[in-house]
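Q: let me see the structure of the following:
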Amino acid sequence: LFSKIIRRTLIIFSLGIFLSLFPKFDFSAVRIPGVLQRISLVFFFCSVLFLTTTWLTQIRMAAILLVAYYILMTFVPVPGHGPANLEPTTNLGAWLDYLLMEGHLWAQSKTWDPEGLLSTIPALATGIIGMLTGKLLTEIKEPGVRVSWLFFIGAILIFLGLGWGLFFPINKSLWTSSFVLYTAGIAMQFLAACHWLIDI
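A: Numbering: from 1, shown residues only. Now for the predicted structure:
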């Protein structure tokens, strides 16, 4: 099973690199981060977590990842730029991406990447929430109860995301912790609405 996980991870990552290279195949400027690359890392992490931990541990892990990212982005000074900030080119994530992958970042910015290394930390939490949603769908057998729980938990996530967004703004490019909770809540409620309309 683990070999299948690793193989799938490498395939998804390689497809992302291929799409970055196509059609010029200029390896000197290939974008290393990317959507598929991030999906591959999140898939690998969540798969291992699913096979080796309980759902309670998974919830704790998601919370730790979101809080750790918040602390890194809002309290850790950025070398060469000063205090922690959330500006596109001078935040800690942008600094780390530029340090490790200069010349291999998003072509439209060249100095930072919306799918960078540091912002993959909260993206892992997004994957965990999706995994836990799947568990909720399979564990609760009564359709009406299942939909009610999806709506309820989705509402809590939206509320938490909006609240956290007051001091850690909802931002897709930075994949902020508030963005994770807010969008996960919306997705969960949309899933509940579709489940109710289509299946019930």
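
Q: buried residues in stretch 171-185?
A: Within stretch 171-185, the residues scored as buried using 16 or more other C-beta atoms under 10 Å are 171, 173-185. C-beta here means a position set from N, CA and C on the backbone, and glycine is covered the same way.

Q: what about that stretch, average pLDDT?
A: Averaging pLDDT along stretch 171-185 yields 97.

Q: can you list contacts of stretch 123-140?
A: The contact list for stretch 123-140, computed with C-beta atoms under 8 Å, 6 or more residues apart in numbering, reads 38, 41-43, 45-46, 49-50, 55, 58-59, 61-63, 65-66, 146, 149-150, 153, 157, 175, 177, 180, 183-184, 188, 191.

Q: about what we covered before: check the buried residues of stretch 171-185 and tell me the two furthest apart.
A: Pairwise distances across the buried residues of stretch 171-185 peak at 19.6 Å for 173 and 185 (criterion: C-beta to C-beta).

Q: helices of the chain, residue ranges please.
A: Under the criterion DSSP state H, the chain contains helices at 2-21, 35-52, 55-75, 92-101, 120-139, 143-164, 177-194.

Q: average model confidence for the third one?
A: In this model, helix 55-75 carries a mean pLDDT of 98.

Q: helices or strands next to that helix in the packing?
A: When contacts are defined as 3 or more C-beta pairs under 8 Å, 6 or more residues apart in numbering; DSSP states H and E, helix 55-75 packs onto helix 35-52, helix 92-101, helix 120-139, helix 177-194.

Q: got the buried residues for that helix?
A: Buried, per 16+ other C-beta under 10 Å, within helix 55-75: 58, 61-62, 65-66, 69-70, 72-74.

Q: and the spatially most central residue of the chain, how close does it get to residue 171?
A: The centroid of the chain falls nearest to residue 123 when counting by C-alpha atoms, centre = their mean (1.3 Å). Using C-beta to C-beta, to the nearest Å, residue 123 is found at 13 Å from residue 171.

Q: tell me how far the residue nearest to the centre of the chain lies from residue 69.
A: Taken as C-beta to C-beta, the span from residue 123 to residue 69 is 10 Å.

Q: next: residue 87.
A: From residue 87 to residue 69 the distance is 17 Å (C-beta to C-beta).

Q: now do residue 10
A: 26 Å.

Q: over to residue 162?
A: Distance from residue 162 to residue 69, by C-beta to C-beta: 18 Å.

Q: same thing with residue 158?
A: Remark: distance between residue 158 and residue 69 (C-beta to C-beta) = 19 Å.

Q: ok, residue 66 - contacts?
A: By C-beta under 8 Å, 6+ apart, the contact list for residue 66 reads 122, 125, 177, 180-181.

Q: rerun at 7 Å
A: 122, 125, 177, 180 (C-beta atoms under 7 Å, 6 or more residues apart in numbering).

Q: do the same with residue 28
A: Contacts of residue 28 (C-beta under 7 Å, 6+ apart): none.
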